[in-house]
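1. No letters, just coordinates:
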DNA sequence: GGATCTAGTTACTTTTTGATACCTACTATC
DNA sequence: GATAGTAGGTATCAAAAAGTAACTAGATCC
């Protein structure tokens, strides 16, 4: 019988920061929404055009969740017809490095795998 | 019929690097598996203990997919009973910065949100 | 020969997720 | 007052993902 290694690499906390962050940026379209908003604030229908193929239902869901989490700011503009501007909050800007790192790795993968 | 505004901000990236990378690290448990393997190579049952709550089925699925993507290396050791060592390939190591960035943001979120 | 360790596999069920298509309310313009 | 543009909401359905539990198979130990 071989000795079983019991050394924990690192204790996985109940609220581990990895899962914490992924609970925000997880879900289809979410990282892409943050990506577009990190470039500039966008309106609902602009995002819908940016994210080709997303349904308004899912876009609404995502934006609501991100707003509830304090990541995205929603502002109704006094235009006619009224438009809604979405932008990243300071908290949302904290996510940018992670998104950028993921994008960067995506580039590397494309170079390495063809 | 009035022409609809079609001002594209950017051309629709068919294979955008964000989705490219997320197709690898996406899915439940996957980032955590990479996190543990980035520290050291681990055996199947070690990972199962590390990732408290994961089922062997899902762990097998994830490891197979990661191996097929060239991210994880699988090596059967000539012990008895035979054990299997999983480790990150050089390609898998490219993912570490992204995972670390996500963890880092997770820490920030915990500080900011309590 | 029965228990135990290894690394899984298989069948089934549940849960979650997202897509499709259509509908609402408001406003301004023609 | 019909039409178009704004920002969504609803209802239904299908698919994907993940969990549960039981099981396999080879080897060693007692």
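-> Alright, I've got the coordinates. Source: prediction; values computed, not measured. Numbers count the residues shown, from 1 in each chain, chains lettered A, B, ... in the order given.
2. From now on I want contacts and neighbour counts done on CA atoms only, so please keep to that.
-> Fine.
3. And whatever residue of chain A ends up closest to DNA strand C, how far from residue B:58?
-> DNA strand C sits closest to residue A:28 of chain A, with a gap of 3.4 Å, by CA to the nearest atom of the strand. To residue B:58, residue A:28 is 20 Å away according to CA to CA, to the nearest Å.
4. and the residue of chain A closest to DNA strand C, helix, strand or coil?
-> Assigned by DSSP: H, G, I helix; E, B strand; the rest coil, the conformation of residue A:28 is coil.
5. and it, what pLDDT?
-> On pLDDT, residue A:28 comes in at 92.
6. Residue A:95 too?
-> So, for residue A:95, pLDDT stands at 95.
7. other SSEs contacting the biggest helix by length in chain A?
-> Scanning chain A for the helix with the most residues, using DSSP state H, yields helix A:96-113. When contacts are defined as 3 or more CA pairs under 8 Å, 6 or more residues apart in numbering or on different chains; DSSP states H and E, helix A:96-113 packs onto helix A:30-39, helix B:17-25, helix B:96-113.
8. list the buried ones in it?
-> Buried residues in helix A:96-113, counted by 16 or more other CA atoms under 10 Å in any protein chain shown: A:96, A:98-99, A:101-109.
9. want to throw these into a markdown table with distance to residue A:16?
-> A markdown table is the format used below for these (distance: CA to CA, whole Å):
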| residue | distance to residue A:16 |
| --- | --- |
| A:96 | 19 |
| A:98 | 16 |
| A:99 | 19 |
| A:101 | 19 |
| A:102 | 19 |
| A:103 | 23 |
| A:104 | 24 |
| A:105 | 22 |
| A:106 | 24 |
| A:107 | 27 |
| A:108 | 27 |
| A:109 | 27 |
